[in-house]
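Colleague: my questions are about this predicted structure, shown below with the sequence.
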Amino acid sequence: MKGKLVYSTDWGEMCPDCRQPVDKCTCPRKKTAVAPTSSPPKDGIVRVGRETKGRKGKGVTIITGLPLNEARLTQLATELKRKCGSGGTVRDGVIEIQGDHRDIVVAELQKQGYTVKRVGG
């Protein structure tokens, strides 16, 4: 193919295979692509890890797998932030605490009766 169009100001991002706008792409490759993952399945194990991706090298403590509704999740996040003396947020059912506070978070969640697993390095 000559002159592969990858972006157009009229349509936005273009599929390099079928040369259609990405939202109207008919390629079989698009159908087999992996859907973005939401939160991991809630199997009763709370996972505590550290992540720096997309944060300019600054680490955050990530807490996933909590079987709680949004209101209780926000309340728990507030308790954990206070315990760690740090900021944070709740996004898509995942608690993010600024900084590397895995030891404090694991101890606090175990004290509250959760089965906790440290993931990552």
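Modeller: Now that the structure is in, tell me what you want to look at.
Colleague: what comes up buried for the longest strand along the chain?
Modeller: In the chain, taking DSSP state E as the definition, the longest strand is strand 45-51. Neighbour-count burial for strand 45-51 flags 46-48, 50 (criterion: 16 or more other CB atoms under 10 Å). (C-beta placed from N, C-alpha, C; glycine too.)
Colleague: now do stretch 65-80
Modeller: Buried residues in stretch 65-80, counted by 16+ other CB under 10 Å: 65-66, 73, 76-77, 80.
Colleague: I'd like the average pLDDT over that stretch.
Modeller: Stretch 65-80 shows a mean pLDDT of 89.
Colleague: quick check: what element follows the longest helix along the chain along the chain?
Modeller: Ranked by residue count, the top helix of the chain under DSSP state H comes out as helix 70-84. Under the assignment DSSP states H and E, the closest C-terminal helix or strand after helix 70-84 is strand 88-91.
Colleague: wouldn't Val116 be in contact with Ile104 here?
Modeller: No: Val116 lies out of contact with Ile104 (CB atoms under 8 Å); the separation is 11.8 Å.
Colleague: possible to save the buried residues of stretch 65-80 as CSV with distance to Asp23?
Modeller: Listed next are the buried residues of stretch 65-80 as CSV, based on distance: CB to CB, whole Å:
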residue, distance to Asp23
Gly65, 32
Leu66, 34
Leu73, 32
Leu76, 37
Ala77, 34
Leu80, 39
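Colleague: for those, which one is nearest Gln112?
Modeller: Leu76 (8.3 Å; CB to CB).
Colleague: secondary structure element holding the nearest residue to Glu79 once chain neighbours are set aside?
Modeller: Nearest non-adjacent residue to Glu79, counting by CB to CB, 6 or more residues apart in numbering: Glu108, 7.7 Å away. Element membership of Glu108 [criterion: DSSP H and E] is helix 102-111.
Colleague: nice, that's everything, thank you.
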